[in-house]
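>>> Everything below, folded, please.
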Amino acid sequence: RFIACPQLARTVQRCLQDGARPGPQPVLIECAPGPGVLTRTLLNAGVRVVALESNSAFLPNLQSLENSLDGQLKVIYGDFFRLDPLAGTVKPPAMNSDKLFETVGVAAVPWRADVPVKVFGILPQKKERNTLWRLLFAMYECSSVYRYGRVELNIFISEKEYKVLTAKPGETRAYQALTVLWQVGCEIQLLHMEPWSSFVTNLKNGGLAIPKSVWLPNNHLCLVRLTPQQNLFTGGLKPTNSATFIFMVKQCLAKPKSRLTDKLNSWSLDTGGKLLRELEIPINAEARNLYPEDYRRLFEALQNSSMFTETWFHDDVLESIRHIN
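Residues are numbered from 1 along each chain as shown. As a prediction, the model looks like this:
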C-alpha cells in the first residue's frame, strides 16, 4: 500500500515532525515510497530523506527527483523489512543494515543517546505479525538497525495489531506476549488513524482486500510511533539475556488463564510462591492479569535465582528463537 493522496501525505508529514526537538533533525528513512507523494511533501517541509525502494518500477522517478536536489534526498534500492536476512546470500532488494547505515552516513550512538534515525513505513500486510516479532527481537538484542541506537519507528499497522500492542491486562483477546514485550521495550504513541480505503496498491489480484478480524476492530491503519525506552537496559535486563525474557513472557502468556505459581512450579522453581510474595504479586494471579512492568520485575528477580542456569531452559529459549525467526 502507498500514500497517493496529497492531503494524507501532509497529515503524515505533520505527524512525523510533531514534537521534534529544536536543532538539526535525524535523517528519515522512508520505506517503499512508491510514487513519491509523501517523499515530495517531506522534502518541501525541509526533511532529509533516504528513500528505500524495493520496486524497480518506482526508482526512475525517485532518482530523477534525487538528481534535482542538492543532497537532501538519497535513493537506495532496498527493502527495510528484509534487512539482515538470517541465512543465505544477501540479494537485493534484501540488504545488510551495516551497508544501509554506511550509505546513509549515520554512526552508532550509545543506547541512552537521542534517536539517531527515524523510520517511516507501512508494514507489509501479509507478514505484519512476523515483522513485529522480528523488529522486537532486534530491539531487545540490539541487533540489526538497533546496533546504531534507539531507532524510532513510525509505522502504519492494522488497527487490530495496534489494539494488541496497547492492550491492558485482563483484555482477554488482545493482551498477549507481544503486548507485554512492546510495552516494556517502547513508548507507544498513536499519531493518526486512517481508513484502509485512503491507500492505493499496485497489486491487481486481491491486493485491496482488508484483513478480516473476528474479535478486534480493524477498520483503519494506525500510524504508531515506537520509541525504544532509554532505561530498557538498566537493571537486570540486558541484550545478552533478553531472549530469555522474551521466552519467559511467551511461556507465561501461552495460557493466559493459567496461574503464575503453576508456571513457576513447572519450571522446577519451588520458591515460586515466596518470590511472588516478595514482588507483592497475588499468589493466585493469572498470567493475563500481570502488567508488563510486573513481568520485567519477575524476570529480574528470577535472574537472581538458579533457575535460568539450567541447560533445558536455555535449549527451550533457543528453540523458541528459531521458531520465531
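
>>> per-domain residue ranges of this structure.
2-228, 241-323 (the TED database).

>>> Redo those domains as TSV? Include mean neighbour count.
Where C-beta positions appear, they are placed from N, C-alpha and C, glycine not excepted. Converted to TSV, the domains of the chain look like this (neighbours: other C-beta atoms under 10 Å):
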stretch	mean neighbour count
domain 2-228	17
domain 241-323	16
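
>>> Report the residue spans of this protein with pLDDT below the cut-off.
Applying pLDDT under 70 to the chain picks out residues 203-210, 214, 268-270, 306-318, 320-325.

>>> How are the strands of it distributed by residue range?
Applying DSSP state E to the chain gives strands spanning 27-31, 49-53, 73-77, 117-122, 152-158, 186-195, 220-228.

>>> would CSV of those strands with distance to residue 280 be doable?
Converted to CSV, the strands of the chain look like this (distance: least, C-beta to C-beta, whole Å):
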stretch, distance to residue 280
strand 27-31, 43
strand 49-53, 47
strand 73-77, 51
strand 117-122, 38
strand 152-158, 34
strand 186-195, 25
strand 220-228, 28
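
>>> Any idea which of these gets closest to residue 253?
Nearest of the strands of the chain to residue 253, taken as C-beta to C-beta: strand 186-195 at 17.8 Å.

>>> which helices and strands does that closest one pack with?
Packing contacts for strand 186-195, counted by 3 or more C-beta pairs under 8 Å, 6 or more residues apart in numbering; DSSP states H and E, involve helix 6-17, helix 159-165, strand 220-228.

>>> Let's have those in a markdown table, adding distance to residue 260.
A markdown table is the format used below for the helices and strands packed on strand 186-195 (distance: least, C-beta to C-beta, whole Å):
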| stretch | distance to residue 260 |
| --- | --- |
| helix 6-17 | 39 |
| helix 159-165 | 21 |
| strand 220-228 | 27 |
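
>>> Figure out which of those is closest to residue 186.
strand 220-228 (4.5 Å).

>>> packing partners for that closest one?
Applying 3+ C-beta pairs under 8 Å, 6+ apart, one finds that strand 220-228 contacts strand 152-158, helix 159-165, strand 186-195.

>>> wait, which of the ones you listed is closest to residue 233?
Of the helices and strands packed on strand 220-228, the one closest to residue 233 (C-beta to C-beta) turns out to be strand 186-195, at 13.2 Å.

>>> can I get the domains of the chain in JSON lines with distance to residue 235?
Compiled in JSON lines, those are given as follows (distance: least, C-beta to C-beta, whole Å):
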{"stretch": "domain 2-228", "distance to residue 235": "11"}
{"stretch": "domain 241-323", "distance to residue 235": "6"}
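
>>> Send me stretch 215-229 as CSV with only the CA atoms.
Provided in CSV are the C-alpha atoms of stretch 215-229 (Å, rounded to 0.1, in the frame of the first residue of the first chain):
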residue,chain,number,x,y,z
TRP,A,215,-12.6,-10.2,17.8
LEU,A,216,-10.9,-6.9,17.3
PRO,A,217,-11.8,-3.8,15.2
ASN,A,218,-9.9,-3.4,12.0
ASN,A,219,-11.3,-0.5,10.0
HIS,A,220,-8.2,1.6,9.9
LEU,A,221,-4.5,1.6,9.5
CYS,A,222,-2.9,3.2,12.6
LEU,A,223,0.3,5.4,12.4
VAL,A,224,2.2,4.4,15.5
ARG,A,225,5.5,5.8,16.9
LEU,A,226,7.6,3.2,18.6
THR,A,227,10.5,4.8,20.5
PRO,A,228,12.7,2.4,22.5
GLN,A,229,12.9,3.2,26.2
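
>>> Now find how far off-centre that stretch is within its chain.
Distance, stretch centre to chain centre, for stretch 215-229: 11 Å (C-alpha atoms, centre = their mean, to the nearest Å).
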